[in-house]
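A.B. asks: how does the following fold in three dimensions:
(chains A and B)
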Amino acid sequence: QVQLQESGPGLVKPSGTLSLTCAVSGASIRTGNWWSWVRQTPGKGLEWIGEIFYSGKTNYNPSLKRPVTISIDKSRNEFSLSLPSVTAADTAVYYCARINGRGYYFDFWGQGSLVTVSS
Amino acid sequence: VLTQSPGTLSLSPGDTASLSCRASQAVDSTYLAWYQQKPGQAPRLLIYGASSRAAGIPDRFVGSGSGTDFTLTINKLEPGDFAVYYCQQFGNSPAYTFGQGTRLE
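C.D. replies: Modelled structure (predicted):
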């Protein structure tokens, strides 16, 4: 069974950088799947942030309008999210998820990590 | 844009729920999925390819539709079915979008 687990600071100061890591177990991150970050807020619901393939190729949601970075560490079987210049609007539950390459849906999810942006 | 209706659906155990997901542009059925989310939990994949059930999902959950109109039908509601349901598509930029959700209470 594929399992994902987010980790990272639960509190980030405004204008700082939000950094999260997703550890994958039960499957190799080198498989032919994309690995993704999704966030959820009461106001905007579920929002896709971006994705990464094991080769390092990435795609991002242009609505974020910031240089979001998703990176991958194949040796540790994990991938990470870096979101700079955060504001209170970035307060959300952040999920990492695997994208099934056959149909481009999210078949396995982490439990979620609440990140609050506040001074 | 995916628009789900109704926003809230009030039913009882044993009833049949019909949840709608309407797309602003035609969606390839291959790329339409449904999720269930309970409080404090991550979304759980129910349906992919508009009508295929994910592993372990009972056949009470039925996905249908094509083009711009998709439906999730839940037959013989059980207490554990009361949750929020989201549809999701893969398409143009942004690559992945979700509906705003239907709360089944």
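
A.B. asks: where in chain A is pLDDT low?
C.D. replies: Within chain A, no range satisfies pLDDT under 70.

A.B. asks: quick one, strands of the chain?
C.D. replies: Picking chain A for this. Using DSSP state E, the strands of chain A run over A:3-7, A:11-12, A:18-25, A:34-41, A:45-53, A:58-60, A:69-73, A:78-83, A:92-100, A:105-109, A:113-117.

A.B. asks: wait, chain B was what I had in mind.
C.D. replies: So, for chain B - with DSSP E - the strands run B:2-5, B:8-9, B:17-27, B:32-37, B:44-48, B:52-53, B:61-74, B:84-90, B:96-98, B:102-104.

A.B. asks: for the residue nearest to residue A:20 when sequence neighbours are not counted, list the residues it contacts.
C.D. replies: In space, and not counting its chain neighbours, residue A:20 is closest to residue A:8: 3.8 Å by CB to CB, 6 or more residues apart in numbering or on different chains. C-beta here means a position set from N, CA and C on the backbone, and glycine is covered the same way. Listed by CB atoms under 8 Å, 6 or more residues apart in numbering or on different chains, the contact set of residue A:8 reads A:18, A:19, A:20, A:21, A:113, A:115.

A.B. asks: buried sites along stretch A:110-119?
C.D. replies: The neighbour-count check on stretch A:110-119 (16 or more other CB atoms under 10 Å in any protein chain shown) flags A:110, A:112, A:113, A:115, A:117 as buried.

A.B. asks: closest one of the residues you listed to residue A:85?
C.D. replies: Top of the list for closeness to residue A:85, among the buried residues of stretch A:110-119 and by CB to CB, is residue A:117 at 10.4 Å.

A.B. asks: for that closest one, which residues are in contact?
C.D. replies: Neighbour list for residue A:117: A:11, A:12, A:13, A:14, A:16, A:18, A:86, A:87, A:88, A:89, A:90, A:91 [criterion: CB under 8 Å, 6+ apart].

A.B. asks: tell me how far the third one lies from residue A:88.
C.D. replies: Taken as CB to CB, to the nearest Å, the spacing of residue A:13 relative to residue A:88 amounts to 11 Å.

A.B. asks: pull up the overlap in contacts between those two.
C.D. replies: A:117, A:118.

A.B. asks: give me the buried positions along stretch B:31-41.
C.D. replies: By neighbour count on 16+ other CB under 10 Å, the buried set for stretch B:31-41 is B:31, B:32, B:33, B:34, B:35, B:36, B:37.

A.B. asks: what do you get for stretch B:45-59?
C.D. replies: Going by neighbour count (16+ other CB under 10 Å), the buried part of stretch B:45-59 is B:45, B:46, B:47, B:48, B:49, B:50, B:51, B:53, B:54, B:57.

A.B. asks: out of the contacts of residue A:8, flag the one nearest to residue A:48.
C.D. replies: Of all the contacts of residue A:8, residue A:20 has the smallest distance to residue A:48: 15.0 Å, by CB to CB.

A.B. asks: the closest one: neighbour count?
C.D. replies: 22 (other CB atoms under 10 Å in any protein chain shown).

A.B. asks: kindly report the same for residue A:46.
C.D. replies: Around residue A:46 there are 23 other residues, counting by other CB under 10 Å.

A.B. asks: my read: it touches residue A:40, true?
C.D. replies: Yes: using CB atoms under 8 Å, residue A:46 is in contact with residue A:40, at 5.2 Å.

A.B. asks: state the distance from residue B:8 to residue A:27.
C.D. replies: To residue A:27, residue B:8 is 37 Å away according to CB to CB.
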